[in-house]
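K.L.:
Predicted model follows, preceded by the sequence.
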Amino acid sequence: MILREEKMTYSQWLSAQFTFRVQKISVDAGFTCPNRDGKVGTGGCTFCNNLSFNPRYCDSKKSIRQQLEEGKRFFARKYPEMKYLAYFQAYSNTYAPLETLRRRYEEALETEDVVGLVIATRPDCADKDTLDYLGKLAKETFLVVEYGVETANDETLRRINRGHTFAQAQRAIRESAERGITTSAHVILGLPGEDREESIRQAPIISRLPITLLKLHQLQIVRGTRLAKQYAEHPFPLYSLEDYLQLVKDYTALLRPDIIIERYISQTPDHLLIAPRWGIKNHEFADMLR
């Protein structure tokens, strides 16, 4: 199988949206998820520990503005002329009454040098009123809605306690794109029960979604998760770096060439990561892939 020719990298795509350099700053808006609070389940996804991707300045006890200002100070040392995107990353960031969402997003946009929003959420947390509002917001500012799809296999979704179906992901992404919202999908390769062949089977299915951006992550075993307990009790295979590299090569060859791949691997802080321990960064993996 030939390597998919990368038409545009994520950084190139982002540069095409702005005339200046931009950086995402994560914020924790104090939301939760419907598979944590009992609406569709409890305990959350088996693989999830939000501490694995929240930076130190990201704290729901602080206001949105305070988190953004602290994030700006962190990045300004490197790029003084930077502008910023508020990245609502922790948990499900459309899972609240519309007026609450409006206040959180507008507080972010009113912060100096914040020029847009990236909102991570679940497909079952995108009702009509919320999407209508986001569609209007997308006409006024830069906006990306990032959906945790994880897999196109409903049996796997049940196994990882995801609490939604792939059909719900298809609906949410389609209805977002119809409103002019730039959409992103998040997919994990190597989930329990999914081998290389199953991932390759899903690639054309994911490719048919009306997404602009795609994040690929290798499965990681993170401390403090139910998956870590399952892995300790009954170890299951994880990809080696070499095998994952080959999988991503073949998976991406089946994607539409206009899909922008934002990330190929995830990096969990060392003190939280159990396995696999590859010791490389996303840009290094991208270089290996090329």
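P.N.:
That came through fine. Bear in mind that the values here come from a model prediction, so they are computed numbers and not experimental data.
K.L.:
any idea of the pLDDT on E5?
P.N.:
Per-residue confidence (pLDDT) for E5: 59.
K.L.:
Tell me which residues are up against the helix or strand containing Y84.
P.N.:
Here Y84 is covered by strand 83-88, with elements defined by DSSP states H and E. Residues outside strand 83-88 that contact it (Cβ atoms under 8 Å, 6 or more residues apart in numbering): 18, 20-27, 29, 31, 64, 68, 71-72, 75, 104-105, 108-109, 111, 113-120, 142. (Each C-beta comes from the backbone N, C-alpha and C, glycine too.)
K.L.:
Whichever of the residues you listed end up buried, select them in ChimeraX.
P.N.:
Selecting the buried subset of these in ChimeraX, with 16 or more other Cβ atoms under 10 Å as the burial test, is done by:
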select :22,23,24,25,26,27,29,31,64,68,71,72,104,105,108,109,111,113,114,116,117,118,119,120,142
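K.L.:
from the contacts of strand 83-88, which ones fall inside helices?
P.N.:
When DSSP state H defines the helices, the subset of the contacts of strand 83-88 inside them is 64, 68, 71-72, 75, 104-105, 108-109.
K.L.:
Can you name the residues in contact with stretch 154-173?
P.N.:
33-35, 40-41, 43-47, 122-124, 126, 131, 147, 149-153, 183, 185, 191-194, 209-211, 226-227.
K.L.:
let's see it at 6 Å
P.N.:
With contacts defined as Cβ atoms under 6 Å, 6 or more residues apart in numbering, stretch 154-173 is touched by 35, 40-41, 45-46, 123-124, 126, 147, 149, 152, 183, 191-194, 209.
K.L.:
For the residue nearest to V40 when sequence neighbours are not counted, give its distance to T141.
P.N.:
With Cβ to Cβ, 6 or more residues apart in numbering as the measure, G163 is the residue that lies nearest to V40, at 4.0 Å, once sequence neighbours are left out. Between G163 and T141 the distance is 30 Å, computed by Cβ to Cβ, to the nearest Å.
K.L.:
Mind putting the ones in helices among the contacts of strand 83-88 into CSV with distance to A90 and pLDDT?
P.N.:
Formatted as CSV, the ones in helices among the contacts of strand 83-88 follow (distance: Cβ to Cβ, whole Å; pLDDT from 0 to 100):
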residue, distance to A90, pLDDT
I64, 12, 96
L68, 14, 96
G71, 13, 92
K72, 18, 92
F75, 19, 86
R104, 12, 97
Y105, 15, 98
A108, 14, 98
L109, 18, 98
